[in-house]
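Trainee: Compute the structure for the input listed below.
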Amino acid sequence: MKTITELEDFMSAPSDELVKDIQQVDGDIMILGVSGKMGPTLAKMTKRAIDRAGVPKRVIGVARFSDESLIEELEGFGIETIKADLLKEDALQSLPDVKNIIYMAGNKFGTVGNEHYTWGMNAYLPGRVAEKFKNSRIVAFSTGNVYPFTTVSSNDCTEDISPNPVGEYAQSCLGRERVLTYFSHKHQTPMVIFRLNYAIDMRYGVLLEIAKQVYNGTPIDLTMGNVNVIWQGDANEYAIRSLLHTDHPPTILNVTGPETLSVRWLAKEFGKRMKKDPVFANSENPTALLNNASNAHKLFGYPKVTIQQMIDMIAEWVVSDGHTLNKPTHFQEREGAF
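Mentor: Reported below is the predicted structural model:
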């Protein structure tokens, strides 16, 4: 893949399993917060699956759309768009009632010094959304950051582990989950809490950051020595298919790839492909922020894009100076300050 168009076409291609599942989802699908890193390709994948299934469903994307060119892009794809600031009550209440909600709106970076906004977006707004769409089914994006650090050798951080978030961003995400769960109990609204760890594509993500450091000879901090990642297309497919697995109280679902990946190993793999010797700093901590997603793999199968494929594609992208989003993950952060 050499172009953004080719990348997005690859990422938004629906699997046969998704096409089969979309036939069983009754009603239209609305994506709240569609303009983020994952939302546009999630919307396109949903529309392509609907078209392949031959079922009459609308896909509606809602966001502030600070980049208005995205409106034209999505509408050209057959996706309806609504420009709205969800924190404004009149804008939220004016949204159409839709049977299926994929809730992606939230705030992470810029939390330090702007904590009130993060809590407003991540903990207050979910309650307003849950009241508005109390008769819908909701798949709500969350994060593995709500978990405590886990021992790398065990990687036993399943959905049974009690949350213990570090820092205000992660605390506000647990707030989102608790508020949504309250309204799920109150209104019997079926939900999935979608705890995602590090979706990636060639333009952003943990693997891109490591690859660029290897290519540029920048020291790679090994303090957070292990990570989980999943290809964005696979994560998006899991989210759409999760509409068939909502329940009240909410189903909690960890989402990431099957491997616990050594940052050192990843750097060496990129080094082989780029003919570069990685430079390392510090040493691995015995704990890391990890996520055991074996339940998601049981429901949906293993991710279709493997870690070796991701490494190959990203190495080529970096060497070819492909377009990137300049949105670092800060996956190395151990104090929860984003």
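Trainee: Which parts of the stretch 151-300 of the chain are helices?
Mentor: Along the stretch 151-300 of the chain, counting by DSSP state H, counting those that start in this stretch, helices occupy 168-187, 206-216, 232-241, 263-274, 294-300.
Trainee: out of the ones you listed, nearest to Glu335?
Mentor: Closest approach to Glu335 among the helices of the stretch 151-300 of the chain is made by helix 168-187 (10.6 Å; Cβ to Cβ). (Each C-beta comes from the backbone N, C-alpha and C, glycine too.)
Trainee: Check which helices and strands that closest one sits against.
Mentor: helix 115-119, helix 125-132, strand 137-143, strand 191-196 (3 or more Cβ pairs under 8 Å, 6 or more residues apart in numbering; DSSP states H and E).
Trainee: 10 Å instead?
Mentor: Of the remaining helices and strands, those touching helix 168-187 by 3 or more Cβ pairs under 10 Å, 6 or more residues apart in numbering; DSSP states H and E are helix 115-119, helix 125-132, strand 137-143, strand 191-196, strand 251-255.
Trainee: just to revisit the earlier point, determine which stretch of the helices of the stretch 151-300 of the chain is the most buried.
Mentor: Most buried of the helices of the stretch 151-300 of the chain, by mean neighbour count (mean count of other Cβ atoms under 10 Å): helix 232-241, with a mean of 25.
Trainee: hang on, the earlier thing: lowest-confidence stretch among the helices and strands packed on helix 168-187?
Mentor: With a mean of 93, helix 115-119 has the lowest mean pLDDT of the helices and strands packed on helix 168-187.
Trainee: coming back round to it: how about the helices and strands packed on helix 168-187 in a markdown table, adding distance to Ile79?
Mentor: Listed next are the helices and strands packed on helix 168-187 as a markdown table, based on distance: least, Cβ to Cβ, whole Å:
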| stretch | distance to Ile79 |
| --- | --- |
| helix 115-119 | 28 |
| helix 125-132 | 20 |
| strand 137-143 | 17 |
| strand 191-196 | 20 |
| strand 251-255 | 23 |
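Trainee: quick one, which of these is nearest to Lys47?
Mentor: strand 137-143 (16.6 Å).
Trainee: May I have that closest one exported as PDB, CA atoms only?
Mentor: Taking C-alpha atoms only, strand 137-143 is exported to PDB below (Å, rounded to 0.1, in the frame of the first residue of the first chain):
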ATOM      1  CA  ARG A 137     -28.400  -0.700  22.100                       C
ATOM      2  CA  ILE A 138     -25.000   0.900  22.700                       C
ATOM      3  CA  VAL A 139     -21.400  -0.200  22.100                       C
ATOM      4  CA  ALA A 140     -19.300   2.300  24.100                       C
ATOM      5  CA  PHE A 141     -15.600   2.600  23.500                       C
ATOM      6  CA  SER A 142     -13.500   2.500  26.700                       C
ATOM      7  CA  THR A 143      -9.800   1.700  27.300                       C
END
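Trainee: follow-up on the earlier one: with distance to Asn122 and mean pLDDT added, can I get the helices of the stretch 151-300 of the chain in CSV?
Mentor: Putting the helices of the stretch 151-300 of the chain into CSV (distance: least, Cβ to Cβ, whole Å; pLDDT from 0 to 100) gives the following:
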stretch, distance to Asn122, mean pLDDT
helix 168-187, 4, 97
helix 206-216, 22, 97
helix 232-241, 18, 98
helix 263-274, 27, 98
helix 294-300, 22, 98
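Trainee: Same list (those helices) but as CSV, adding distance to Leu18.
Mentor: CSV is the format used below for the helices of the stretch 151-300 of the chain (distance: least, Cβ to Cβ, whole Å):
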stretch, distance to Leu18
helix 168-187, 24
helix 206-216, 24
helix 232-241, 5
helix 263-274, 28
helix 294-300, 9
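Trainee: for those, which one sits closest to Phe77?
Mentor: helix 232-241 (14.4 Å).
Trainee: so the closest one versus strand 137-143, what angle?
Mentor: Relative orientation of helix 232-241 versus strand 137-143 (axes from the mean of the first three to the mean of the last three Cα atoms, to 10 degrees): 140 degrees.
Trainee: any idea of the mean pLDDT for the helix or strand containing Val62?
Mentor: Using DSSP states H and E, Val62 maps to strand 59-63. Average pLDDT, strand 59-63: 98.
Trainee: what's the next helix or strand after it packed up against?
Mentor: As assigned by DSSP H and E, the chain's next helix or strand after strand 59-63 is helix 69-76. On a contact count with 3+ Cβ pairs under 10 Å, 6+ apart, helix 69-76 meets helix 39-53, strand 59-63, strand 80-83.
Trainee: and the nearest residue to Ile230 once chain neighbours are set aside, how far is that from Val179?
Mentor: Spatially, and ignoring its direct neighbours in sequence, Ile230 is nearest to Gly257 (4.4 Å; Cβ to Cβ, 6 or more residues apart in numbering). Per Cβ to Cβ, to the nearest Å, Gly257 is found 29 Å from Val179.
Trainee: Then Lys272?
Mentor: In terms of Cβ to Cβ, Lys272 sits 46 Å off from Val179.
Trainee: Kindly report the same for Lys108.
Mentor: From Lys108 across to Val179, the span is 17 Å (Cβ to Cβ).
Trainee: Just to be sure, Met313 is in a helix?
Mentor: Yes - assessed with DSSP: H, G, I helix; E, B strand; the rest coil, Met313 lies in a helix.
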